[in-house]
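Trainee: give me coordinates for this.
(chains A, B and C)
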Amino acid sequence: MNRRTVLTTLLAGASAPLLAACSSGITSLKGDGVGGDSGSSSGGLTIGTANFTENQILGYLYAGVLNAAGVKTTVKPNLGSREIVVPALRSGDIDLLPEYQGSLLLYLDKKATETEAGAMQNALATVLPNGLEVLPYAAAEDRDTFAVTRETADHYGLKTLADLRKVNGKLVFGAAAEMKKRVVGLVGLKEQYGVEFKEFKALDSSGPLVKGALKKGDIDVANVFTTDVDTAENGWVLLQDPKHLIPAQHIVPLIAARKADSKVRKALARLGNTLTTAHLTELNRLVDKEKQDPDRVAAAWLKKQKLD
Amino acid sequence: MTIEWGWFPDHADEMARLTADHLATAVPAVLLGLLIALPLAVLAHRVRPLRGFVLGASNILYTIPSLAFFVLLLPVTGLTRTTAIVGLTAYTLVVLVRNTVEGLDAVPAKAREASQAMGTRPLRTLLTVELPLALPVIMAGVRVATVMSISLVSVASYIGYGGLGQLFTDGFQRNYPTPVIAGVALTLLLALVADALLVTVQWLCTPWRRGTTSRQRTFKWRKAA
Amino acid sequence: MLELLKNLAAWLTSPAQWSGPEGIATRVLEHLEYSLLATLAAAVIALPVGLLIGHTGRGAFLAVNLSSFGRALPTVGLVTLVFLAGGLSVWPVYVSLVALAVPVIITNTYAGMAAVDPEVKDAAKGVGLRGRQVLWQVELPLALPLIMTGVRLATVQVVATATIAAYVSFGGLGRYVFDGLAQRDLVQVLGGAVLVAVLAVAADLALGGLTQLLFRGRPAAAR
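Mentor: Take a look at the predicted model:
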């Protein structure tokens, strides 16, 4: 084998995958507006999900009902936190995202005061940037809560978030880093309840780090989601929220308006009407505790509910 | 910590898909790196003052944490595979530039002079004499860059394009070691296969080096230098 | 772009940013702590192994290919695995950083030992030096420059990778990268990245200077 032949073959062979990559993966360098071709080129819908299992389950549920309605979907799971994923929606890299009313509203408008589901839906419609839309919300809800261990609750007599004021400067609070600046987080706790912590530890929200830290005693208060099954398992106390700092958080599809045709709307509405918080909690349990895959769990549930 | 052996056959499809996805990010990064590194290295090799700048800049680039790189690229290239590829290319570039410059440096001046004495134009000398002689060192760089690229793809799982790295985030979130073990094993396997493939390519491309051992060659170079 | 750089300059120079338990000073010290301890531990493990392989010549295949293996090992995967095995502790950080550094040091130590001219070793034996004496008095001093290169390379890699500590809730400069990402604060992310790069380059230069100091007057062997 002559050296020149080998080199030429190599060059030819190398350029092929490069060209393939260029045509498929490398989209325009613009970050906004003109829309990436990652999903929309085929007329299908790209569903993105954030970096926690519940959101992935929801993404697959969306995909399931949409597929059943004849809409082609691609699911891109585990793309990152809301701060990464929502901008991706705006730029067209994804088309649909399962979101949570309250957190989404406060992410878009820090000064929003609505806490009731219907009012929030209207507020969202107003503050959403052009091109994005929220479809009707589901029955299911998953709120942020602040949890303490049974021992801590008994020791300090903690039942509600207001009680935390009694122990200002004594407790360590753990949550995802973004909670430091969110109103549904450190900022709001201070403003509404006058609560101050000894320390804020950036971990994750309702993830392995924060739950591990709570169990170990590295933190005293943890940001946990209401559909998380570890709460019941560990006997954690979810502090009540009389002042409604934490708004209602029904699941709501956040979608690029141009993709929201009647087929899509109908399919997602059917899902929203059927999915309850109890269902979602059970699906979470299957994925997190029984270690079943989110896509299979979603498909099985849809089959049972005759939504597939 | 226990492995659930049943997970593997059950998820064969997913493992194949993630491996393909992994390669779809790693391979273009190396190729793109090579595409940029070769001319850049030739320039650095030829133009004295540029050399220090290019090598210094690439040293600094190498020290930027990969995750930060990906995140900083997000506003520019969006939440797409491009971001992961461009980020990885920066790292492969560093290795490839370094090795190509080193390889060109190691070409005996006599070889280049002989070629010029025969009347060959500089570009032709570069392509037919210098680069082929530098090939072993360049290929060593390609090997290192490829293995590094395959390993670093998993970091991009933080922005959703981690290939086999998605198994790490999954296992992490659900307290589930099996997918993580699968991910680590497959990444290592992938790197091993890629490395072996490249060694074969190098062997095919350098017929004049067959018949000497690596120790003999190292010693000969040192004596010559 | 210019705006971002301006904000970055402001972030890096504001005194408030430097002080306090989450200030830059604290984070840099934490980062150095992880990096230096890990590199030291790696050296303690890797140097004897590399010297042994270089001296006896046995296991050369391992030494040469170990760095490939080490390079291929995904740090994120290893950190996750140790975390799942041992829970929330600092072990995932140290295990993965040491695993990163050990192959580099072994390979370079072996390379240094292998580059020692066999004729010199022969001469030493001819003069009457026995095995271990050859190792300590002849091979090691001659191999030292390449060994130091290995330690330098390892240190730089470890400093650049110690950002992983923040992934499992610990401190260090990685905190700025992860938190900045979560809070969509690009200035913080950039700041963290810049600081890591500066720290890594500084470590490299420091070790380079140390090498020069140790090998002043030595011929071309020292880099």
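Trainee: which secondary structure elements does the host helix or strand of C:A206 contact?
Mentor: Per DSSP states H and E, C:A206 falls inside helix C:186-214. Here helix C:186-214 touches helix B:48-62, helix B:66-77, helix C:2-13, helix C:24-56, helix C:140-161, helix C:174-182, going by 3 or more Cβ pairs under 8 Å, 6 or more residues apart in numbering or on different chains; DSSP states H and E. No exception for glycine: its C-beta is placed from N, CA and C like everyone else's.
Trainee: shouldn't B:K110 be within a helix?
Mentor: Yes - assessed with DSSP: H, G, I helix; E, B strand; the rest coil, B:K110 lies in a helix.
Trainee: how many residues are close by it?
Mentor: By other Cβ atoms under 10 Å in any protein chain shown, the residues close to B:K110 number 10.
Trainee: equivalent analysis for the one 10 residues further on, please.
Mentor: Using other Cβ under 10 Å, the number of residues around B:T120 comes to 16.
Trainee: the residue nearest in space to the middle of chain C: what's it in contact with?
Mentor: Centroid check for chain C by Cα atoms, centre = their mean gives C:T155 as the closest residue, at 2.0 Å. Contacts for C:T155 (Cβ atoms under 8 Å, 6 or more residues apart in numbering or on different chains) come out as C:S35, C:T39, C:A101, C:A203, C:D204, C:L207.
Trainee: how much space separates it from chain A?
Mentor: Distance from C:T155 to chain A, counting by Cβ to the nearest Cβ, to the nearest Å: 27 Å.
Trainee: any residue of the longest helix belonging to chain B up close to chain C?
Mentor: Longest helix of chain B, by residue count under DSSP state H: helix B:12-46. No - looking at helix B:12-46 against chain C by Cβ under 8 Å from any Cβ of the partner chain, there are no contacts, and the closest approach is 10.3 Å.
Trainee: which bits of chain C sit near chain A?
Mentor: C:21, C:83, C:87-88, C:166, C:168-169, C:175, C:178-179, C:181-184.
Trainee: 10 Å instead, please
Mentor: C:21-22, C:80, C:83-84, C:87-89, C:166-169, C:171, C:175, C:178-185, C:188 (Cβ under 10 Å from any Cβ of the partner chain).
Trainee: now what about stretch C:50-65, what contacts it?
Mentor: Applying Cβ atoms under 10 Å, 6 or more residues apart in numbering or on different chains, the external contacts of stretch C:50-65 come out as B:192, B:195, B:214-215, C:43, C:49, C:66, C:69, C:102-103, C:105-116, C:121, C:131-132, C:134-136, C:139-140, C:143, C:146-147, C:150.
Trainee: can I get it as PDB, trimmed to CA atoms?
Mentor: The C-alpha trace of stretch C:50-65 is given here as PDB (Å, rounded to 0.1, in the frame of the first residue of the first chain):
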ATOM      1  CA  GLY C  50       7.100   4.800  38.100                       C
ATOM      2  CA  LEU C  51      10.600   4.400  39.600                       C
ATOM      3  CA  LEU C  52      10.200   0.700  40.100                       C
ATOM      4  CA  ILE C  53       9.000   0.100  36.600                       C
ATOM      5  CA  GLY C  54      11.700   2.300  35.200                       C
ATOM      6  CA  HIS C  55      14.400   0.600  37.200                       C
ATOM      7  CA  THR C  56      13.400  -3.000  36.700                       C
ATOM      8  CA  GLY C  57      12.000  -2.500  33.200                       C
ATOM      9  CA  ARG C  58       9.100  -4.800  34.100                       C
ATOM     10  CA  GLY C  59       5.600  -3.500  33.500                       C
ATOM     11  CA  ALA C  60       6.800  -1.000  30.900                       C
ATOM     12  CA  PHE C  61       3.700  -1.700  28.800                       C
ATOM     13  CA  LEU C  62       1.600  -0.600  31.800                       C
ATOM     14  CA  ALA C  63       3.500   2.600  32.300                       C
ATOM     15  CA  VAL C  64       3.300   3.600  28.700                       C
ATOM     16  CA  ASN C  65      -0.400   2.900  28.300                       C
END
